[in-house]
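In: next input, structure requested:
(2 chains)
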Amino acid sequence: MISGQYPALLVIVPLLAACLIALAGWLKPVLCFPLAATGLLGAVWSAVGLLLRVAGEGPILYRLGGWPPPVGIAYAVDHLTVLVLVVVASVALVNLVASRATIEREQVHRRGPFYALYVLSVTGLLGIVVTGDAFNLYVLLEIAALSGYALIAMGSPRAPLASLNYLFMGTIGATFYLLGVGILYIQTGTLNMADLALRLAPLHGSPALLVAFLVIIVGLWLKMAFYPLHGWLPGAYTYAPSAASSLMAPLTTKVMIYVMIRLILSVFTPAYAFGVLKLEGLVVWLASAAIVAGAVMALAQRDLKKMLTYLIVAEVGYMVGGVWLGTKTGLTGAILHLINDAAMTLTLFLAAANLVFRTKSRRIEDLKGSFARMPWTMTGLAAAGLAVIGVPPFCGFFSKWYLLQAALEAGQYQFLAALLLSSLISAVLFFRLFEAALFEPAGGKPGHGRGRREEGMAEAPPSMVIPLLVAAASLVAMGLATRLIVQGFILPALSGGPGGLS
Amino acid sequence: MTGGLAFLVAKYNYWVYIVLMMIGLYAIIAKNNLIKKIIGMSIFQTAVILYYISTGAKKGATIPIIAHGHGHEAVQAADYINPLPHVLMLTAIVVSVATLGVALALAIRIYEQHRTLEEDEILERLKE
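Out: Numbering: from 1, shown residues only, chains lettered A, B, ... in the order given. Next up, the predicted model:
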């Protein structure tokens, strides 16, 4: 019965595909793309299969190799897991199809390694989401991160240094996580998340548990680029190859936020994280600062991709703040925003990749007149922009609405103000883009070194435009399906298990 | 005072790891040379690995192998070192070696581009 093995297939299929791609890269590079697409299609298939099963039967516990937990490694699949799994797998697949043209152009002789690392990185991310074991999570975290560093380093000339900086920060983050898991282990003697939650319950007053919690959370904040620990992100994602930045920007930070939510819900329990520790005030202030700082720094950028990376910093603030409001509405908003933001960031970066593909420039001023030249790409960018600003019926509106409501309920008015301010700033940002792209004639001043414009006159190839439009359409579809997602998946995830919220 | 000293001495292994971690962290943040930063990163990771190793240790215990055992003898857990943290650290060592490899590969790429590994000189060249 193959449907019973979905949790393992989810990780094993792309892992095997990555190995085969590395081999094909030597022997027959033409096979790399079909293999990668097949591997990711297998992951999407398993993720959707799991989604349907969990929606029907409720949470699943999968025992790897038949060993019962807590001795064996368990894959725990609940409503929240399947939601994030489907998003991760489909974002990776859509981006793979969209990026084929740029990969074939930018990585002519490195297609094999590039596709292999791409699929390996997705394997790591899927594993992080599905695993129910704290140490297994660390290993998968490093698989995703190490292949990510290599992917980033294949970009523009500044990429290796940016990637090395990311490597330092990422390693510090992951090592902090490992240290925290070690402290949990010596207190409880277990690494299984469900088992940890049971054994930690009597230890809620212990200072060692507090240290473990702080070390793990700070490590994750480093990895998710939570302001002021965001220093590595803009450089790494700006100089990375288009295909890598549009994979990692939507997924890496979101998966780290998922890990934070997962640990708070299933290991530390909200009763401890919010009830005992009382750190909400501080963290929500930090999140508000992250939102404002991210938005303001985005406003200061002249480079399209760099501007988008600072928007990610602001969005991370949305989600961390939403989680630490500590209420059901706040967590609902954060989880909904996590999914929506993955789709929005994907659309933004795919549109940016199309523009860079044609104009060979990342500067915002080179966007002038691009609506006339690349109407479909700009339609995608416009849809993503409206979603980020929060215009209904795009999905960004609904998650922001939940977050605003949660901020009001919790009385955290600084968070409310930060949300509104950043929406306003994103409106300014995107309308500045649209204005240049719609109304200003292409070409700028004559005789200003614009010779390369000639080939920027056409729309990107269909293989890049169609995935972009699919992503853009998903923004509306997810917006319209908000009720289904919240009632069918997010609320059951929040009310079940040890993390039950009233 | 003696209470404080006893606290230091009783948990001296942990203090060593904390000092090692801080040395590594300092090197990553403060050093200018990329190779020194990479060395700092390795020290930082090794400190955590040592920490795990020492959590498995027990006074008077031996390696977790039952000599001439057939699986029927009564085994006292207190007689054997806890092998699980050690096994975990095998994986963590592999991870840290892989990280070191990627970091050094990146350093080679950076050196080929800029002919230097001093961060301030590289940033200077990138501004030009």
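In: doesn't A:T332 make contact with A:Q405?
Out: No - using C-beta atoms under 8 Å, A:Q405 makes no contact with A:T332, being 9.4 Å away. Just so you know, the C-beta spots here come from the backbone N, C-alpha and C atoms, and that holds for glycine as well.
In: among these two, which residue is more densely surrounded?
Out: A:T332 (23 against 16; other C-beta atoms under 10 Å in any protein chain shown).
In: following the host helix or strand of the more buried one, which helix or strand comes up?
Out: A:T332 is part of helix A:328-359 when elements are defined by DSSP states H and E. The first helix or strand that comes after helix A:328-359 along the chain, using DSSP H and E, is helix A:370-373.
In: other SSEs contacting that next one?
Out: Other helices and strands packing on helix A:370-373, by 3 or more C-beta pairs under 8 Å, 6 or more residues apart in numbering or on different chains; DSSP states H and E, are helix A:328-359, helix A:375-389, helix A:413-439.
In: give me the buried positions along that helix.
Out: For helix A:370-373, burial by neighbour count (16 or more other C-beta atoms under 10 Å in any protein chain shown) applies to A:S370, A:F371, A:R373.
In: helices and strands around the lengthiest helix in chain B, which ones?
Out: Secondary structure assigned by DSSP state H gives helix B:83-114 as the longest helix of chain B. Packed against helix B:83-114 by the contact rule (3+ C-beta pairs under 8 Å, 6+ apart) you find helix A:134-153, helix A:159-188, helix B:34-55, helix B:119-127.
In: so which of those gets nearest B:A107?
Out: Closest approach to B:A107 among the helices and strands packed on helix B:83-114 (C-beta to C-beta): helix B:34-55, 5.2 Å.
In: next, name the residue at the spatial heart of chain B.
Out: B:T46 (1.0 Å; C-alpha atoms, centre = their mean).
In: and the helices in the stretch 201-350 of chain A?
Out: Counting by DSSP state H, counting those that start in this stretch, one finds helices in the stretch 201-350 of chain A at the ranges A:207-224, A:232-239, A:242-262, A:270, A:280-299, A:304-324, A:328-359.
In: could you give the angle of the last one to helix A:280-299?
Out: The directions of helix A:328-359 and helix A:280-299 differ by 20 degrees, with axes from the mean of the first three to the mean of the last three C-alpha atoms, to 10 degrees as the criterion.
In: next: the third one.
Out: Here helix A:242-262 runs at 170 degrees with respect to helix A:280-299, directions being taken by the same axes, to 10 degrees.
In: chain center to whichever helix or strand comes after helix A:242-262, what's the gap?
Out: For helix A:242-262, the following helix or strand on the C-terminal side (DSSP H and E) is helix A:270. Centroid displacement of helix A:270 relative to its chain, using C-alpha atoms, centre = their mean, to the nearest Å, is 23 Å.
In: dump the helix or strand bottoming out on mean pLDDT in chain A to PDB, restricted to CA.
Out: Lowest on mean pLDDT, DSSP states H and E among the helices and strands of chain A sits helix A:370-373, with a mean of 75. Extracted in PDB, the C-alpha atoms of helix A:370-373 (Å, rounded to 0.1, in the frame of the first residue of the first chain):
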ATOM      1  CA  SER A 370       8.600  47.400 -18.900                       C
ATOM      2  CA  PHE A 371       4.800  47.200 -18.800                       C
ATOM      3  CA  ALA A 372       4.700  47.700 -22.600                       C
ATOM      4  CA  ARG A 373       7.600  45.400 -23.200                       C
END
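In: output the below-cut-off pLDDT ranges for chain A.
Out: Applying pLDDT under 70 to chain A flags the ranges A:1, A:442-457, A:496-502.
In: burial measure for A:V356, as a count.
Out: A:V356 has 20 neighbours, counted by other C-beta under 10 Å.
In: so it sits against A:S242, correct?
Out: Yes - between A:V356 and A:S242 there is a contact under C-beta under 8 Å: 5.9 Å.
In: what does chain A put close to chain B?
Out: Chain A comes close to chain B at residues A:135, A:138-139, A:142, A:146, A:149-150, A:153, A:157-158, A:160-161, A:163-164, A:167-168, A:171-172, A:175, A:178-179, A:182, A:185-186, as judged by C-beta under 8 Å from any C-beta of the partner chain.
In: of those, select the buried ones using a PyMOL command.
Out: Of the residues of chain A next to chain B, the buried ones go into a single PyMOL selection, burial set by 16+ other C-beta under 10 Å:
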select buried, chain A and resi 135+138+139+142+146+149+150+153+160+161+163+164+167+168+171+172+175+178+179+182+185+186
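In: how about the residues of chain B near chain A?
Out: Close to chain A, as judged by C-beta under 8 Å from any C-beta, chain B has residues B:25, B:28, B:34, B:37, B:41, B:44-45, B:48, B:51-52, B:55, B:85, B:88, B:91-92, B:95, B:98-99, B:102-103, B:105-107, B:109-110, B:113, B:122, B:126.
In: quick one: buried residues of the longest helix of chain B?
Out: B:84-86, B:88-89, B:92, B:95-96, B:99-100, B:102-103, B:105-107, B:109-110, B:114.
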